[in-house]
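Enquirer: Build the 3D model from these lines:
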Amino acid sequence: MSVSYDTPSPLITQVEYQGFQAAYDHFNQALFAGTLPQVLVTLQRRGRSYGYMAPERFTGRQEAGMVHELALNPDQFTDRSDREILSTLVHEQVHVWQYTAGTPPRRGYHDREWAAQMRAIGLHPSHTGEPGGRQTGQHMSHYIVDGGAYDLEYARLVQAGFVLHWESLAHDAQRGAKRAGKTKYTCPDCGLNAWAKPGVSLICGDCATQLAEEPCP
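Expert: Next up is the predicted model:
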């Protein structure tokens with residue numbers, strides 16, 4: 001059987017990660033006046049977390065210095081639009097902004113400085129992800145302000161041809177939740193998973209946050 005190489009398959013990794021890089025650069029220029037440093041964008045499957053920013057997570061093998069990690073969780077892409085997914089990217093860019101240009105709070109905490117910057121770029125902080133939620137706290141989400149800066153810049157990005165291509169299988173986030181009759185617990189801040197008997201109290205050693213019990217599928 002002969003194989004034709006005249007029309008190569010798309011370079012999946014390159015295409016998808018270049019898309020995230022293009023989105024990062026677009027929002028950096030449009031919402032942060034190009035002041036954010038370059039980061040290493042990764043896809044990390046981390047429980048219920050939509051994403052996280054880890055300061056100085058990577059150090060250079062050839063280059064001097066360290067770079068931050070900006071991670072997105074593909075398990076949480078399912079049933080969310082590109083507009084919503086990229087709002088998580090920008091949410092984490094605000095953490096990059098605060099770490100480099102503001103006053104970083106304690107690990108995992110979302111303070112007033114972070115909340116003010118979120119509002120300024122058209123993402124309203126809310127612990128529920130809906131209007132009326134608390135705007136500061138350890139575990140925070142947001143909702144998109146219609147007609148706000150993020151909303152308008154996302155529309156411009158789409159007009160330039162942006163689209164995401166891949167996500168985790170719909171049920172992959174639930175696989176492994178039940179191991180040997182034990183219950184899954186997840187840190188709401190960093191996504192750390194642990195398994196134990198139902199009803200126990202577990203604390204994340206990194207975040208000092210109580211792990212949330214998740215129902216088994």
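Enquirer: any idea whether the nearest residue to Gln21 once chain neighbours are set aside is helix, strand or coil?
Expert: Among residues not flanking Gln21 along the chain, Val41 sits closest, at 6.5 Å (CB to CB, 6 or more residues apart in numbering). Backbone N, C-alpha and C define where each C-beta goes, glycine included. Following DSSP: H, G, I helix; E, B strand; the rest coil, we place Val41 in the strand state.
Enquirer: List the contacts of Val41.
Expert: 17, 20-21, 24, 70-72, 89 (CB atoms under 8 Å, 6 or more residues apart in numbering).
Enquirer: Identify the bridge partners of it.
Expert: Leu70 (DSSP bridges).
Enquirer: Please tell me how far it sits from Tyr99.
Expert: 16 Å (CB to CB, to the nearest Å).
Enquirer: what's the pLDDT at the residue positioned nearest the centre of the chain?
Expert: Centroid check for the chain by CA atoms, centre = their mean gives Gly51 as the closest residue, at 2.2 Å. pLDDT for Gly51: 94.
Enquirer: Asp75 versus that one, what's the distance?
Expert: 11 Å.
Enquirer: Can you mark which positions in the longest strand belonging to the chain are buried?
Expert: Longest strand in the chain by number of residues, with DSSP state E as the criterion: strand 51-59. Buried positions in strand 51-59, judged by neighbour count with 16 or more other CB atoms under 10 Å: 51-54, 57.
Enquirer: Correct me if wrong: Ile85 contacts Phe77.
Expert: Yes. Counting by CB atoms under 8 Å, Ile85 does reach Phe77; the two are 5.6 Å apart.
Enquirer: Common neighbours of these two, please.
Expert: Joint contacts of Ile85 and Phe77 (CB under 8 Å, 6+ apart) are Leu164.
Enquirer: circling back to that earlier point, which two among the buried residues of strand 51-59 are spaced furthest apart?
Expert: For the buried residues of strand 51-59, the maximum inter-member distance is 13.3 Å, found between Gly51 and Arg57 (CB to CB).
Enquirer: Common neighbours of the two, please.
Expert: With CB under 8 Å, 6+ apart, Gly51 and Arg57 have no common neighbours.
Enquirer: picking up where we left off before, from the contact counts, what lies against the longest strand of the chain?
Expert: Judged by 3 or more CB pairs under 8 Å, 6 or more residues apart in numbering; DSSP states H and E, strand 51-59 is in contact with strand 66-72, helix 82-101.
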